[in-house]
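**Student:** mind folding the following:
(chains A and B)
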Amino acid sequence: MEPPGTQDKAAGAPGSSNEGFATLDDLLKHLDRVGGDASVIVAVKSLPAGGLPSPNETEQLANELIARAEKATGQHIARSNIFKRLGRFAIEAPAAAIRFVSAQPEVTETTPNKLQGLGLIEPVRKTPAESW
Amino acid sequence: MLSAAVDTGPLANLQLAAAGTARVLVILDVSAGTARDAAKELGGNFTAPKTSHIAALAAARGERKIPRPFRVFPKLGVILGTVDTKGFSNLRQKATQKGSAVASVQVAPVFRLVRPVKVLAAAVPQDTLTWGLQMLQVDNLWAQGITGRGVIVAHLDTGADGTHPTLQGAIADFAQFDDLGNLVAPSPAPFDSGEHGTHTAATVAGRAVDGKSVGIAPEAQLASAMVIEGGDVQARVLAGLEWALEQRAKVLTMSLGFPGWMPSFIPIIQVLRQNDIVPVIAIGNEGPGTSRSPGNYVESLSVGACDENGDVAYFSSSEVFQRAQDPLVPDLMAPGVNIISAKPGGGYQMMDGTSMATPHVAGLAALLRQAKPSATVDRIEAAIFGSCAAVPTSSTNRTARGVPNAPRALSLIL
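**Tutor:** Okay, here's the model as predicted:
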């Protein structure tokens, strides 16, 4: 399923193969070159104590950060999803909005949604078992 | 000496009134002499039963068998016999006399089989098991009724073919997510975007088909999420993990990962454990000196692959980390070479990989979950670890604790 609007897999762009991006910097450099939106995963923490926020806190933090980024950059973040129980949320946004969000004090980590290397552990061998 | 807790005299009187005789148990005071001596002394009080199933059987064979009036059980200190009214009265009187060999007289209990409330056909015919099931000896637990019933295992993979005969009835819920991890609604019928997920799903919870079993926990239920098709994006995996929490899964089986060390998922695996989910994760297929995250976290129960001889598979990842706790990964090995399991669309195929080993351990965790629902994640993990048999022919750095054993794990958790 190809995500609408995303530039993650723009044909021919360096670092944009099916293997995704190794780091956020790689993804942002790519967006600076080709423009458009890309999706990232944002991990948040409770302030001031740190640690994984509660589900309600995560939801509140995600919504606040999206609103803050839209206001600061003037760019609309059309798509998002909050993983309340995991202290994370996903956004699809232009480079400026991603940079803004990742610099916020509540954010512990921002990684490309399409992360290079993450994948199925493929079997090393497959053979028919027709006699079974 | 047995003691009489209840006076069964009135019941004996009823039997005597109805049939003229009663079966009684005479409890002897063995301190007054040996049981056999006492029996000789008391024998005159017993009478041959008018009816006896032994005599009836003998008569049916054309033989004549005279039923014995009594029988002595010296080690138990009791006499089982038939009495008429007079004999019963005599024995009861002796029981009241000081220094008598008779401690008490009771109506002989009639033992009956404790019948099961419900009899069902065996859930899993055990004619043919894959070698992996045999190595773990899971049929020993099945014979005790431990089949994973009532346990939900979260299965995050390429999906699973719910129409495959071995998976029919095994998939309690199925989910698919878009590239940002939003649930696709309505949920489609369970299907596989590849082949991997059907294979791993059936190894966890495949039902027996034609007497052949591929599933470790054949009555467990799967909450199967398609998280890895169409581009390997984090959001789908995160969505699957969050969905697993909502499904009240007790075990996670996940045969995917990020090559090397990527700590981002550590808090997530911690959340799973806090929510009572045993996170069973493949370590990777890149051989010695390698591993994948999140399998290589301290918090994960990581699984490598072994062959039918219990030797570590050449491809099975293993790595030693510079950390105090759990420096060696994987935690253990499980069957991962020539593993027969389900193929989408029907039929079966063999696959090799730590992806195949992982659902064996997840299935075992599901069995233990059923056996001891109150057990914590730590306890389940400790029982599985404690059940492992080391492999003497290979380096510990490759084999870790060795291969788990279901009966031993069960004994450690109960």
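**Student:** which residue packs closest to the residue located most distally from the centre of chain B, ignoring adjacent ones?
**Tutor:** What lies farthest from the middle of chain B is B:K86; by Cα atoms, centre = their mean that is 54.9 Å. Spatial nearest neighbour of B:K86, excluding adjacent residues (Cβ to Cβ, 6 or more residues apart in numbering or on different chains): B:N45 at 7.9 Å. Placement of C-beta: from N, CA and C, glycine included.
**Student:** for the one you found, list the residues it contacts.
**Tutor:** Taking Cβ atoms under 8 Å, 6 or more residues apart in numbering or on different chains, we find B:N45 in contact with B:G81, B:V83, B:K86, B:G87, B:F88, B:N90, B:L91.
**Student:** what do you get for B:L28?
**Tutor:** B:L28 touches B:M1, B:A35, B:A38, B:G77, B:V78, B:I79, B:A101, B:V102, B:A103, counting by Cβ under 8 Å, 6+ apart.
**Student:** do a quick rundown of the strands in chain A.
**Tutor:** A:37-44, A:79-83, A:88-94, A:107-112, A:119-120, A:125-128 (DSSP state E).
**Student:** how close does B:A225 get to chain A?
**Tutor:** 13 Å (Cβ to the nearest Cβ, to the nearest Å).
**Student:** scratch that, B:A357
**Tutor:** 10 Å.
**Student:** now do the residue nearest to that residue when sequence neighbours are not counted: how many residues are near it, please.
**Tutor:** Excluding its sequence neighbours, the residue lying closest to B:A357 (Cβ to Cβ, 6+ apart) is B:G336, at 3.4 Å. The number of residues packed around B:G336, counting by other Cβ atoms under 10 Å in any protein chain shown, is 30.
**Student:** list the contacts of B:G336.
**Tutor:** For B:G336, the contact set (Cβ under 8 Å, 6+ apart) comprises B:303-307, B:313, B:316, B:352-357, B:360.
**Student:** what residues does the stretch 251-400 of chain B put near chain A?
**Tutor:** By Cβ under 8 Å from any Cβ of the partner chain, the residues of the stretch 251-400 of chain B that approach chain A are B:255-260, B:262, B:264, B:267-268, B:270-271, B:282, B:284-285, B:292, B:315, B:338, B:340, B:343, B:347-356.
**Student:** for B:Q270, give me phi and psi.
**Tutor:** Backbone torsions of B:Q270, given as degrees, to the nearest 10, read phi -60, psi -40.
**Student:** what sits closest to it if chain neighbours are left out?
**Tutor:** Using Cβ to Cβ, 6+ apart, the nearest residue to B:Q270 is B:E299, at 5.6 Å.
**Student:** partner residues bridging the residue nearest the centre of chain A?
**Tutor:** The centroid of chain A falls nearest to A:V40 when counting by Cα atoms, centre = their mean (1.4 Å). Beta-bridge partners for A:V40, by DSSP bridges, are A:I91, A:P112.
**Student:** for it, give me the pLDDT.
**Tutor:** The score at A:V40 is 97. That number is its pLDDT.
**Student:** from memory it sits against A:F89, does it?
**Tutor:** No. Counting by Cβ atoms under 8 Å, A:F89 is not a contact partner of A:V40; they are 9.5 Å apart.
**Student:** three-state assignment of the residue nearest to B:Q270?
**Tutor:** Secondary structure assignment for B:E299 (DSSP: H, G, I helix; E, B strand; the rest coil): coil.
**Student:** count of neighbours near it?
**Tutor:** Count around B:E299 with other Cβ under 10 Å applied: 20.
**Student:** mind listing what it touches?
**Tutor:** Contacts for B:E299 (Cβ under 8 Å, 6+ apart) come out as B:I266, B:I269, B:Q270, B:R273, B:P279.
**Student:** quick one: it from B:Q274, how far?
**Tutor:** For B:E299, the distance to B:Q274 equals 10 Å [Cβ to Cβ, to the nearest Å].
**Student:** show me the contacts of B:G336 that map onto helices.
**Tutor:** B:T354, B:S355, B:M356, B:A357, B:H360 (DSSP state H).
**Student:** and which of those is nearest B:V227?
**Tutor:** B:S355 (13.6 Å; Cβ to Cβ).
**Student:** if we ignore the residues flanking it in sequence, what's nearest that closest one?
**Tutor:** Leaving aside its chain neighbours, B:S355 sits nearest to B:S255 (3.4 Å; criterion: Cβ to Cβ, 6+ apart).
**Student:** confidence score at the one you found?
**Tutor:** At B:S255, pLDDT is 94.
**Student:** so the residue farthest from the centre of chain B belongs to a helix, correct?
**Tutor:** Yes. B:K86: assigned to a helix according to three-state DSSP.
**Student:** for the longest helix seen in chain A, what is the average pLDDT?
**Tutor:** Ordering each helix of chain A by length in residues (DSSP H) puts helix A:55-73 first. On average, the pLDDT along helix A:55-73 is 98.
**Student:** quick one: residues contacting the nearest residue to A:I66 once chain neighbours are set aside.
**Tutor:** Excluding the flanking residues, the one nearest A:I66 by Cβ to Cβ, 6+ apart is A:I77, at 5.3 Å. Neighbour list for A:I77: A:I66, A:A69, A:E70, A:I91, A:E92, A:A93, A:A97 [criterion: Cβ under 8 Å, 6+ apart].
**Student:** let's see 7 Å
**Tutor:** By Cβ atoms under 7 Å, 6 or more residues apart in numbering or on different chains, the contact set of A:I77 is A:I66, A:A69, A:E70, A:I91, A:A93, A:A97.
**Student:** what's the local residue count around the first one?
**Tutor:** By other Cβ under 10 Å, 20 other residues sit near A:I66.
**Student:** same question, the third one
**Tutor:** Other residues lying near A:E70 total 15 when counted by other Cβ under 10 Å.
**Student:** do the last one as well
**Tutor:** As a burial measure, A:A97 scores 24 neighbours (other Cβ under 10 Å).
**Student:** and the gap between it and chain B?
**Tutor:** 15 Å.
**Student:** that residue contacts A:K71, correct?
**Tutor:** No. A:A97 sits out of contact with A:K71 when judged by Cβ atoms under 7 Å, with a separation of 10.5 Å.
**Student:** on that earlier part again, nearest to chain A, of the contacts of B:N45?
**Tutor:** Distances from chain A to these, taken as Cβ to the nearest Cβ, are shortest for B:G81 (60.9 Å).
**Student:** how about the worst-scoring helix or strand of chain A on mean pLDDT and chain B, touching?
**Tutor:** When each helix and strand of chain A is scored by mean pLDDT, DSSP states H and E, strand A:119-120 comes last, with a mean of 90. Yes. Residues of strand A:119-120 contacting chain B under Cβ under 7 Å from any Cβ of the partner chain: A:G119, A:L120.
**Student:** and the strands in the stretch 251-400 of chain B, which stretches?
**Tutor:** Under the criterion DSSP state E, counting those that start in this stretch, the stretch 251-400 of chain B contains strands at B:251-254, B:256-259, B:278-282, B:292-293, B:301-306, B:319-320, B:328-329, B:332-335, B:339-342, B:348-352.
**Student:** give me the contacts around the fourth one.
**Tutor:** Strand B:292-293 is contacted by residues A:I121, B:G257, B:F258, B:P259, B:G260, B:W261, B:M262, B:F265, B:I283, B:G284, B:S317 when judged by Cβ under 7 Å, 6+ apart.
**Student:** now do the second one
**Tutor:** Residues external to strand B:256-259 that are found in contact with it (Cβ under 7 Å, 6+ apart): A:115, A:117-121, B:228, B:281-282, B:284, B:286, B:292-295.
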